[in-house]
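> Any chance you can model this:
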Amino acid sequence: MKKILLLLCSCILIVNAASFSKSKKILLKKIYKDNQVTFYCSNPYEIKKVKGKQKALIVQDTKYYTPRKPLTKKGKVNVRAKRIEWEHIMPAHNFGKHLSCWKKGGRKACKKDKIFKTMEADMHNLVPAIGEVNANRSNFKYGANTPKANQYGKCEVEVDFKAKRAYVKDSIKGDIARVYFYMSDKYKVRLSKKEKKMMEAWNKLDPVDEWEKTKNKRVQKLQGNLNPYIQ
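Numbers count the residues shown, from 1 in each chain. Model prediction:
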């Protein structure tokens, strides 16, 4: 019995000891070490040293992606269009809004909340995305529409700012669905009937691929738990 309790405690510690910043480093160096490709645009990226610091920068090639806004409002280079960031497939707003801390001030107010920190750091829910796409998607939910071309060049993703929706290519819809089901089950995040129905359709449309299985096993080893929807 003592051995079982110790095992359970160690698993809890693996999951809860993480932070979003630590998870990002683990994902970059240990999870995606041999699959350095962005989620939405399939744009390769590489780790480079910039001013003595390691940065994950995309391989700039218009056959993958063209910045929507290469310059900022101040006329400076849009650095987020050149780097990768770790995006929450299920946005922080979705999994955090039911917490009491969120009601007091959103994500900033939840920084010290243990439950929120665990959800925010969950590596099953994190993928590499080009910074500009991550910023534009914000906390928008996914929509069923086929993405229109040219918003980000040849990248098959569209952010509908008016409808507050993100539209993605078919080949990643199943990945998204299985993460949504996982987050919903693990953290008791309620999905609307419409959203659940769409995710069920996406799960069938885009079956589990080999990379999902590989990532799932690696996350289990480092975080302590599997996504049961990936088999």
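
> ranges for the strands of this structure?
45-50, 53-58, 84-88, 126-130, 141-142, 157-160, 165-168 (DSSP state E).

> show me what contacts C41?
Going by C-beta atoms under 8 Å, 6 or more residues apart in numbering, C41 touches Y64, Y65, I130, V133, Y152, C155, E156, V157. Bear in mind the C-beta positions are built from the backbone N, C-alpha and C, glycine included.

> Phi and psi next, for it.
In terms of degrees, to the nearest 10, the main-chain angles of C41 are phi -100, psi -10.

> what's the answer for F140, then?
According to degrees, to the nearest 10, F140 has phi -70, psi 140.

> isn't it right up against K164?
Yes. Applying C-beta atoms under 8 Å, one finds F140 in contact with K164, separated by 4.8 Å.

> Could you check which of these two has the larger neighbour count?
F140 (17 against 13; other C-beta atoms under 10 Å).

> can I get the CA coordinates of stretch 129-145 in CSV?
Provided in CSV are the C-alpha atoms of stretch 129-145 (Å, rounded to 0.1, in the frame of the first residue of the first chain):
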residue,chain,number,x,y,z
ALA,A,129,3.0,28.0,-33.7
ILE,A,130,4.3,31.0,-35.5
GLY,A,131,4.1,34.0,-33.1
GLU,A,132,1.9,36.2,-35.4
VAL,A,133,-0.6,33.4,-35.9
ASN,A,134,-0.7,32.7,-32.1
ALA,A,135,-1.2,36.4,-31.4
ASN,A,136,-4.0,36.8,-34.0
ARG,A,137,-5.8,33.7,-32.9
SER,A,138,-5.8,35.0,-29.3
ASN,A,139,-8.5,33.1,-27.4
PHE,A,140,-10.8,32.5,-30.4
LYS,A,141,-12.5,29.1,-30.6
TYR,A,142,-12.1,27.0,-33.7
GLY,A,143,-14.8,27.1,-36.4
ALA,A,144,-16.0,24.6,-39.0
ASN,A,145,-15.3,26.7,-42.1
